[in-house]
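Novice: give me coordinates for this.
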Amino acid sequence: MNKHAIYHITETPYAYGKDLNTLVIRLRTAKDDINKCYLYYKDKYNNKQPFSIKSMKITAQSGLFDYFETTVSIKRNRYKYYFELIDSCNDKTYFDERGFRDVLLALDDSTAFQFAYLAQGDLYEEEKWLQESVVYQIFPDRFCNGDKNIDPENIDSWGSPVNKKSMFGGDFKGIIDKLDYLDELGINLIYLTPIFKSSSNHKYNTTDYYDIDPQFGTLDVAKELIKKCHERGIKIIFDAVFNHSGSDFFAFKDLLQKQEKSKYKDWYFIDSYPVSTNNVNYYTFGNDENEMPKLNTHNKEVREYLLGVGKYWIKEIGIDGWRLDVCDEVDHDFWRAFNKVVKAANKDAVIVGEIMHEATAFLKGDQMDSTMNYPFKFALVDFFANRSISAGQFSDVLSFNRTLYMNSITRQLWNLIDSHDTKRFLTECNRNIDRMKLAITFQFCYLGVPYIYYGDEIGLDGSDDPQCRKCMIWDTKNQNLELLNHYKTMISLRKNNKVLIYGDYKTVYCKDDVLIFERNYQSKTLVIAINNSDKQHNAQIALGNASIDILTSKKVDLNNELIIAPMGFKILELI
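Specialist: Prediction:
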């Protein structure tokens, strides 16, 4: 038995409350090492009561580890527990907070793991509406120009080559004009990159957090956009930049003018005086981005100002939540306070962080509801776009990612394939439409929230910023209708099959470039098979005798073999 691999702690994601009466317990072991795993549990104060015993099941596997999981309930929500593990050689051990024991009688109740109390205040309330969403990201300046009267100076012609300083005049009115298009596409959540007053086209150097940039429209037009989205059942999220302000933000302008005498000097991190945007002798976003000085969110006045911003826009125009830029460079204490302010303003509002790597510290239930799932995006690029990893390696990456968080959080992660900060997926594929279609199929059939960056659905390409921020193409003669129709099909499929939203995930076949997995929910099982190769694949696999192809509604006889065409996929409902 490989005891080095066995791991458990009494906190998220290895022990947490699913609800007030249900405790989720997870245990990690070495891959294929443990045949049986049992959880012994009881009320921590009832010493006379024997331990109840429950078998644990493997819910995730990677190249190195198996993850066992179960749920238990005790009347008064006070738990003590330990594990019994039996390996493939039938060797047995018991595992508690002191480590390993070979004999059950040697176990002392006082050394069992303790989940002292499952309290209401510690529970995370998952966001069902977020789990059922399909996100559509809009970079406002590049989506649609609906009001030429508010165009910025020196505007570029729509669709012309883009550079770092380009302005094309996209605005709120343009988004309103295209709501029919978005409704027909099937999305139900819009995420807008920053819309507050700023000197740049991207608006990540905020000048005024309480004022909409006039190139996008007025407060009234913003309210009209929110209202018309909500009438269609579409929610909308704004982007907030609290890690840094613009260098023309009132506090930093005062600091530049008055230097050490400025009352805002502690709003920033200053290396030396005199402060100058030429020398960049202050902390900034990124690598000395002089227009983006870093805010000190530990400062009480900064906190109060930014928390006020978070509350204001939810109350003033009814946005449905926030996407938070560079949030992993802001302290956890601030985000806990932000969470309370936002949820008090609207208990159903969501908070989504921009974190490009694993984010366990922010996703324990007291800060973010979700993050942009960049580990997912990078894995899809490696497997589908450039084929640098096998199906097994791809599956391993996603298995590890799933075990980092509570199950409810995993269902809420924004599963993007690209964004305004990365190459377009079509470019990553070298414009191979079939590879992109397979990635989209997986994206919509996997756990989490599918995320579309504007224009992906009609074949926009582009390398790194600024080429990934081209203007949206509205002339249907220049749109890739094959991609567009595939997106519509996958969106409809997901919205009409709750198993793709709430169902468990299980890999059932993984060989070379072929991946087959199940989604199970209530009495329904879908099998998704993806062949990311140029050759037909015959998978010898026991799935039952028959199924229904849910894309064609035709019956498929399996006979323990599933035939998948080159660069093909199948989505079957077992019957």
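Novice: check the secondary structure at the residue nearest to W474 when sequence neighbours are not counted for me.
Specialist: Of all residues not flanking W474 in the chain, C144 sits nearest, at 7.0 Å (CB to CB, 6 or more residues apart in numbering). Placement of C-beta: from N, CA and C, glycine included. Applying DSSP: H, G, I helix; E, B strand; the rest coil to C144 yields a three-state assignment of coil.
Novice: check what pLDDT C144 gets.
Specialist: Reported pLDDT at C144 in the predicted model: 98.
Novice: ok, it - contacts?
Specialist: G170, D171, G174, I175, D177, K178, M472, W474 (CB atoms under 8 Å, 6 or more residues apart in numbering).
Novice: can you rerun that using 10 Å?
Specialist: Neighbouring residues of C144 by CB atoms under 10 Å, 6 or more residues apart in numbering: 138, 158, 168-178, 181, 454, 471-472, 474.
Novice: surely N201 is in contact with F216?
Specialist: No. If you go by CB atoms under 10 Å, N201 and F216 don't touch, sitting 11.2 Å apart.
Novice: which parts of the stretch 201-350 of the chain are strands?
Specialist: 206-212, 235-240, 321-324, 350-353 (DSSP state E, counting those that start in this stretch).
Novice: which strands or helices does the last one pack on?
Specialist: Under the contact definition 3 or more CB pairs under 10 Å, 6 or more residues apart in numbering; DSSP states H and E, strand 350-353 sits against helix 128-131, strand 235-240, strand 321-324, helix 332-345, strand 370-371.
Novice: now mean neighbour count too, for these, in JSON lines please.
Specialist: Formatted as JSON lines, the helices and strands packed on strand 350-353 follow (neighbours: other CB atoms under 10 Å):
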{"stretch": "helix 128-131", "mean neighbour count": "18"}
{"stretch": "strand 235-240", "mean neighbour count": "22"}
{"stretch": "strand 321-324", "mean neighbour count": "25"}
{"stretch": "helix 332-345", "mean neighbour count": "16"}
{"stretch": "strand 370-371", "mean neighbour count": "28"}
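Novice: looking at Q114 now. What's its pLDDT?
Specialist: Reading off the confidence values, Q114 has pLDDT 95.
Novice: show me where pLDDT drops low in the stretch 101-250 of the chain?
Specialist: Residues of the stretch 101-250 of the chain meeting the criterion pLDDT under 70: 105-108.
Novice: helices of that one, start to end?
Specialist: In the stretch 101-250 of the chain, the segments counted as helices under DSSP state H, counting those that start in this stretch are 128-131, 172-177, 179-185, 219-231, 250-258.
Novice: and those, which is most packed in?
Specialist: Of all the helices of the stretch 101-250 of the chain, helix 172-177 has the most neighbours on average by mean count of other CB atoms under 10 Å, namely a mean of 22.
Novice: if we can go back for a sec, overlap in contacts, N201 and F216.
Specialist: Here N201 and F216 have P140, D141, P152, G170 as joint contacts, going by CB under 10 Å, 6+ apart.
Novice: any idea which of these is closest to K511?
Specialist: Closest approach to K511 among the shared contacts of N201 and F216 (CB to CB): P140, at 44.6 Å.
Novice: now do the contacts for that closest one.
Specialist: By CB under 10 Å, 6+ apart, the residues touching P140 are 168-172, 174-175, 192-195, 201-203, 213, 215-217, 239, 454.
Novice: one more pass at 7 Å, please.
Specialist: Taking CB atoms under 7 Å, 6 or more residues apart in numbering, we find P140 in contact with G170, D171, L192, T193, I195, F216.
Novice: and the gap between it and G455?
Specialist: Distance of P140 to G455, given as CB to CB, to the nearest Å: 13 Å.
Novice: try N281
Specialist: Per CB to CB, N281 is found 40 Å from G455.
Novice: over to S198?
Specialist: Relative to G455, S198 is positioned 22 Å away (CB to CB).
Novice: with I25 instead?
Specialist: Taking CB to CB as the measure, I25 falls 44 Å from G455.
Novice: which residues are contacting stretch 78-94?
Specialist: Outside stretch 78-94, the residues touching it (CB under 7 Å, 6+ apart) are 1, 23, 25, 27, 29, 33-45, 95-96, 100-102, 104, 107, 109, 112-117.
Novice: for the stretch 251-400 of the chain, what spans make up the helices?
Specialist: 300-317, 332-345, 374-380, 391-402.
Novice: quick one: closest of these to F569.
Specialist: helix 391-402 (12.9 Å).
Novice: my guess is K364 meets T12, correct?
Specialist: Yes. The pair formed by K364 and T12 meets the contact definition of CB atoms under 7 Å, at 4.8 Å.
Novice: what sits closest to V527 if chain neighbours are left out?
Specialist: Per CB to CB, 6+ apart, closest to V527 is L572, 4.6 Å.
Novice: could you list the low-pLDDT ranges of this structure?
Specialist: 105-108.
Novice: reformat the helices and strands packed on strand 350-353 as a markdown table; add distance to Y405.
Specialist: What follows is the helices and strands packed on strand 350-353, written out as a markdown table (distance: least, CB to CB, whole Å):
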| stretch | distance to Y405 |
| --- | --- |
| helix 128-131 | 13 |
| strand 235-240 | 20 |
| strand 321-324 | 17 |
| helix 332-345 | 16 |
| strand 370-371 | 9 |
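Novice: mind checking which of those is nearest S62?
Specialist: S62 lies closest to strand 370-371 among the helices and strands packed on strand 350-353, at 20.4 Å (CB to CB).
Novice: what sits against L123?
Specialist: Contacts of L123 (CB under 7 Å, 6+ apart): G17, D19, L20.
Novice: swap the cut-off to 8 Å and go again
Specialist: Neighbour list for L123: G17, D19, L20, G365 [criterion: CB under 8 Å, 6+ apart].
Novice: quick one, what contacts D156?
Specialist: Going by CB under 8 Å, 6+ apart, D156 touches V162, S166, M167, F168.
Novice: ok, now with 7 Å
Specialist: S166, M167, F168 are the contacts of D156 under CB under 7 Å, 6+ apart.
Novice: same question, M167
Specialist: D141, P152, N154, I155, D156, N201.
Novice: leaving out the residues flanking it, which one is nearest to it?
Specialist: Leaving aside its chain neighbours, M167 sits nearest to P152 (4.7 Å; criterion: CB to CB, 6+ apart).
Novice: the one you found - how many residues pack around it?
Specialist: Around P152 there are 16 other residues, counting by other CB atoms under 10 Å.
Novice: can you check S160 too?
Specialist: Number of residues near S160 (other CB under 10 Å) recorded here: 11.
Novice: state the distance from it to T207.
Specialist: Counting by CB to CB, the gap from S160 to T207 is 26 Å.
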